[in-house]
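*Asks:* Have a look at this prediction, sequence included:
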Amino acid sequence: PSPPSPPSPPSPPTPPTIPPLLVLLTVPAAWGTYTPVVKQLFSYDPPVPGLVFSAAYYLVAYVALSVVQLVASTIMSPTSRAISPSSPPKQSSNDSLNNPTLPALELSSYLFLANLLQLSGLQTTTATRAAFTVQLTTVTVPLLESLLGGRRPSAAVWSSCALALS
């Protein structure tokens, strides 16, 4: 008789995941409540300054994403990171891949400026017109992509645009 084999080591615990559909369902809630909340804030006397609102908006987003990053980094074990302990991570010649801070600051600056412009527009128009303009981007983005990128939007994209505007 052969000696009994040693017991296999326990497998690492599987990190908890959020169902993707649940995450996807938060998008309509965020987009659907943005314009009414902004209009309500601007109805106060005196109205909230656009710069203050934008700064608060991005501060909340920063804090929320920092918490998500912190939680994600603590629940991921080293074995689930697809890097074996014996091989060091590869260094890239592109610094933005190693440290995305500068590209993130650039993009967030563009978003901040766009948000300020959007807020000034929301202050000067009706909620109905603002909602229509926001929904119109659903159609203008594929049109711009086809004009500037040289690609024709698929039938699924056009169907989605029609559904969004209906």
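*Replies:* Now that the structure is in, tell me what you want to look at.
*Asks:* the helices in this structure, which residues?
*Replies:* According to DSSP state H, the chain carries its helices in the segments 20-43, 50-75, 95-98, 101-123, 127-149, 155-165.
*Asks:* number of nearby residues for the residue nearest to Pro36 when sequence neighbours are not counted?
*Replies:* Take Pro36 and drop its neighbours on the chain: the residue closest to it by Cβ to Cβ, 6 or more residues apart in numbering is Ala127, 6.8 Å away. For glycine as for every other residue, the C-beta is placed from the backbone atoms N, C-alpha and C. If you count neighbours by other Cβ atoms under 10 Å, Ala127 ends up with 13.
*Asks:* And for Ser54?
*Replies:* Ser54 is flanked by 19 other residues according to other Cβ under 10 Å.
*Asks:* go on, Val38?
*Replies:* Applying other Cβ under 10 Å, I find that Val38 has 20 neighbouring residues.
*Asks:* quick one: Gly149 from Gln135, how far?
*Replies:* Going from Gly149 to Gln135 by Cβ to Cβ, to the nearest Å gives 22 Å.
*Asks:* and if you look at Leu107?
*Replies:* Taking Cβ to Cβ, one finds Leu107 at 24 Å from Gln135.
*Asks:* and if you look at Phe112?
*Replies:* Computed as Cβ to Cβ, the Phe112 to Gln135 distance reads 23 Å.
*Asks:* looking at the protein, which helix or strand does the model trust least?
*Replies:* The weakest-scoring helix or strand in the chain, judged by mean pLDDT, DSSP states H and E, is helix 95-98 (a mean of 58).
*Asks:* Next, the contact list for the closest residue to Ala131 other than its chain neighbours, please.
*Replies:* In space, and not counting its chain neighbours, Ala131 is closest to Thr35: 5.8 Å by Cβ to Cβ, 6+ apart. Applying Cβ atoms under 8 Å, 6 or more residues apart in numbering to Thr35 gives the contacts Leu122, Ala127, Ala130, Ala131, Val134.
*Asks:* Show the buried residues in these.
*Replies:* Listed as buried from these are Leu122, Ala130; burial here means 16 or more other Cβ atoms under 10 Å.
*Asks:* would you list the contacts of Thr35 in a markdown table and tack on distance to Ser54 and pLDDT?
*Replies:* As requested, these are arranged in a markdown table below (distance: Cβ to Cβ, whole Å; pLDDT from 0 to 100):
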| residue | distance to Ser54 | pLDDT |
| --- | --- | --- |
| Leu122 | 12 | 75 |
| Ala127 | 19 | 75 |
| Ala130 | 16 | 79 |
| Ala131 | 20 | 78 |
| Val134 | 16 | 76 |
